[in-house]
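Chemist: Below is the structure, and that's it, no one-letter string:
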């Protein structure tokens, strides 16, 4: 690890008597590559913050560029455009008489020594780009690839505004020991300010706040933590920005899953920090996950320019939950539910699908597949699993026909348990541009469906999801009398094994000592390994690479940058 | 960069008078995760090398584990199994009276300080694992993600065998300045030994040898460079191992694209190094690329357990070239070519498809899609591009039916030009587990087809690819009279723009100053950006993640590891 004393120590601003500093936490939803749209949003929130009496306005990590920008950072043309945009924005603020504000935004910079991109924080003030801090710790695990893309900053920066000494950090800088935050501990700061793009994980709010409390203690000053909010490609950012006192008291807390402008005042010298009013409280677990899924889908649609979605409605719980989330994301009138019954579909299933669509106010279309199946079978005469896959693929063709004809986003309805076990047909039910519940285990799917119905009931509305979709035994209905339990262990057990094998990376011996019986362990491991292989064996196909032979460029899906 | 003098300097072996050292370069094809199979191959080649009189046998990077192993390295159970396998192998060598050999293999190790994996080279000798060197520079660009996975070695290692002082390096260690190779320059070595997993790129052999010549000069000793050979997932390794003298003379050179055991003798003190016999010469460009494609497909089939392939034969050049490559990879009798004519298919196309199959000795099946198309249209009544996509998707369903029924690997036949421009149907012609020509521009496809026919003629065989498939104007034949040139610029120009925009990351202004006209530049950029977006928007779908929300685990496709 780099030593704390290895950092160049930089000071911006004038030292003077500390006056109370009103800070606006601007928790906004940016879009990758959309320099214009993101800059406009910074203007809007800065105007509001100025009206609210704030002097310092703080936006999330990589505000102007969106986050994460992946290999887009490597395009020199994009970095030039981002630099121009930061300067233009400083000018606009000044022209609107907002030049007195200190507006902290994230953007992409360039390392002067080697020309590599940097993850940068800049301060817009008095019509100019004033002061810069570059992220030091570049996360390179899990969903993060920053070390691959950025070069690391090596300066410890303190910014003085109205006599208040503010130490700067970007996201991962507070998650690692040492580095610029440790260097700040000896520099007598009045505040530690961190801007973040911290993706949602269940219960992560507690972890972030506990970590901030530790850093606040270390530097002996409160921590202002501003997080981005919104779905971006396959990540969801939950917001939940906050201010944490050096004594571990929560001084401000913004809600999750929505844009918000919150305020907090850093007091004058000798005064005690006081909590803001209306601190958001934490959400209950099922609500938190449900709202994360809805936000992820809504933003994916918006950032990719979709107004509506289409999906197959089987009458089962997975498609019912996805359709309900979609109706919550874009309104029932923008949801096309397609019932595609076969000779194996029960009447109950068809009724449940129709009832769901009615409850949601969704379009409901019936496209029987018996005739189409017979036409294929007249030429192919498939048997067994091949014949089951054929049914699923005919449905995939129909869903894509609606997508193409009406410009709808096709939704895949698979859950994590069945996907992990390969209980799904490639190019069949796996067809779709977005899969809202791919990260939810089946037992969680049931819980969320019950939660959503209960929530409707509590609000005096009728329950969206037919009760029989929740209570009946799950079935793919691809052959007579088929049940999931013919092929998979009971979901209550399966989900526990999957959690241990996938999330915790437990090996075979570990799983046995976790208390699972050998047959179940071997079944699940075989299914998961085989499914993993099949998924990789049938990629969408051909990705176009920047190399003669090799993997694809890593560009974000919702890249809105146009040269 | 880490300083050369920052490395712990380690010595293994006994200093004594230098004797001539016969070295075997074992250029083998490993399989990721197949510890047993890879170890068996090390035994086989070590036996041969001992018979050939070698004392030192050198295998490629990560021999035992296969390369690249991606996140598999993070599974502790896998690292334990690899460690056990190295020890078992040392024991087997000794039991077969090969314990006197010095067998250099790559494997995965564990950093004792932090428990992270390391990219390690070990020497098996006298029944034990003797000496270790850990890779210092971990490439983190293009197809490489090593910094994400491994921790970096920090020792500079010299191994003495029969008085010869051998400095060690692994792949990227010689591509970066500084580091352990720089540290070796002052340690008086008689040889620099590097083991590699260097993926194929066109013309890369010259670059590698030029680099090795520079390093040989720097350390004042010859360089032995052993590269792996074979296809692994989406990468192809071409072999081409060599020995380079300190004076820049090529002293040994093994052929590309095949396993090989080559010898070279490091002379005694005071004697001049002499070249080996039968140095391989470089291949002509088209042959090199063609053989790379065939090897990639052959190994993908073998490592994933496929005996045969199926693909749609349209009569066009792309499917003709792919079928010919497939016949070269697995024999014509293991290729199922499926003609799926529609009302828009010309008689010429059908004839060309049938002739091709005859030439290759492939299975030839005809599955007309008119009736199936009519059945769907009776329900859906699609128009325009939606109706064109429907035809392609019906063909995708048929190709997958053959794949499912006969256990065949479905091949996608798209080339890089059309894929880059999105001139392809998702879940239609893009269906497949492997896409042999996805990295070839259309102009290259024509060149390879002509080369393959010329090669057959030169060998006194009949030409496999019908001449009219090469000469006719390309068409998707999805509507009456359709030609590629209706939608795309002329391929000769298009391919040049694609190369500049994708490979060189030229922006709009750069492309204009490259001399392309504005209309073409704007057309191509719009097509590529839109296609990139669509490809990401319709992933195969749901990948199962190790995180609550996030990207997929990065496991290799052909992971053969079973706990």
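Modeler: Now that the structure is in, tell me what you want to look at. All values derive from a computational prediction rather than experimental measurement.

Chemist: Show the residue spans covered by the helices in the stretch 1-150 of chain A.
Modeler: Along the stretch 1-150 of chain A, counting by DSSP state H, counting those that start in this stretch, helices occupy A:35-51, A:76-95, A:146-149.

Chemist: Might you calculate how far the longest one sits from the centre of the chain?
Modeler: Just to be clear, that refers to helix A:76-95. Relative to its chain's centre, helix A:76-95 lies at 27 Å (C-alpha atoms, centre = their mean, to the nearest Å).

Chemist: in stretch A:260-276, what's buried?
Modeler: A:260, A:261, A:262, A:263, A:264, A:265, A:266, A:267, A:273, A:276 (16 or more other C-beta atoms under 10 Å in any protein chain shown). Where you see a C-beta, it was placed from the backbone N, CA and C, and this is true even at glycine.

Chemist: Next one: residue A:9 from residue B:513, what distance?
Modeler: 43 Å (C-beta to C-beta, to the nearest Å).

Chemist: The two: which has the busier surroundings?
Modeler: Using other C-beta atoms under 10 Å in any protein chain shown, the more surrounded residue of residue A:9 and residue B:513 is residue A:9, with 14 against 9.

Chemist: I'd say the more buried one and residue A:156 touch.
Modeler: Yes - at 5.3 Å, residue A:9 counts as touching residue A:156 under the criterion of C-beta atoms under 8 Å.

Chemist: Once you drop chain neighbours, what's closest to the residue in the stretch 251-400 of chain A that chain B sits nearest to?
Modeler: Nearest residue of the stretch 251-400 of chain A to chain B (C-beta to the nearest C-beta) works out as residue A:386 at 3.9 Å. Among residues not flanking residue A:386 along the chain, residue B:404 sits closest, at 3.9 Å (C-beta to C-beta, 6 or more residues apart in numbering or on different chains).

Chemist: Can you pull the phi/psi pair for that neighbour?
Modeler: phi -70, psi -40 (degrees, to the nearest 10).

Chemist: For it, give me its contacts.
Modeler: A:382, A:385, A:386, A:389 (C-beta atoms under 8 Å, 6 or more residues apart in numbering or on different chains).

Chemist: Recalculate using a threshold of 7 Å.
Modeler: Taking C-beta atoms under 7 Å, 6 or more residues apart in numbering or on different chains, we find residue B:404 in contact with A:385, A:386, A:389.

Chemist: Export the helices of the stretch 1-150 of chain A as JSON lines, with columns for mean neighbour count and distance to chain B.
Modeler: Formatted as JSON lines, the helices of the stretch 1-150 of chain A follow (neighbours: other C-beta atoms under 10 Å in any protein chain shown; distance: least, C-beta to the nearest C-beta, whole Å):
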{"stretch": "helix A:35-51", "mean neighbour count": "19", "distance to chain B": "14"}
{"stretch": "helix A:76-95", "mean neighbour count": "18", "distance to chain B": "3"}
{"stretch": "helix A:146-149", "mean neighbour count": "21", "distance to chain B": "5"}
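
Chemist: Flag whichever of the ones you listed has the least confidence on average.
Modeler: Among the helices of the stretch 1-150 of chain A, helix A:146-149 carries the lowest mean pLDDT, at a mean of 88.

Chemist: returning to that earlier point: when you check chain B, which of the buried residues of stretch A:260-276 turn up near it?
Modeler: When C-beta under 7 Å from any C-beta of the partner chain is applied, no member of the buried residues of stretch A:260-276 is adjacent to chain B.

Chemist: Point out the least confident member of those, please.
Modeler: Lowest confidence among the buried residues of stretch A:260-276: residue A:276, with 90.

Chemist: which ones are touching residue A:392?
Modeler: Per C-beta under 7 Å, 6+ apart, neighbours of residue A:392: A:425, A:428, A:429, A:478.

Chemist: Surely residue A:245 touches residue A:275?
Modeler: No - with contacts counted by C-beta atoms under 7 Å, residue A:245 stays clear of residue A:275, the gap being 8.2 Å.

Chemist: Determine the residues that are contacts of both of the two.
Modeler: In contact with both residue A:245 and residue A:275: residue A:251, using C-beta under 7 Å, 6+ apart.

Chemist: Can you tell me the SS state at residue A:382?
Modeler: coil (DSSP: H, G, I helix; E, B strand; the rest coil).
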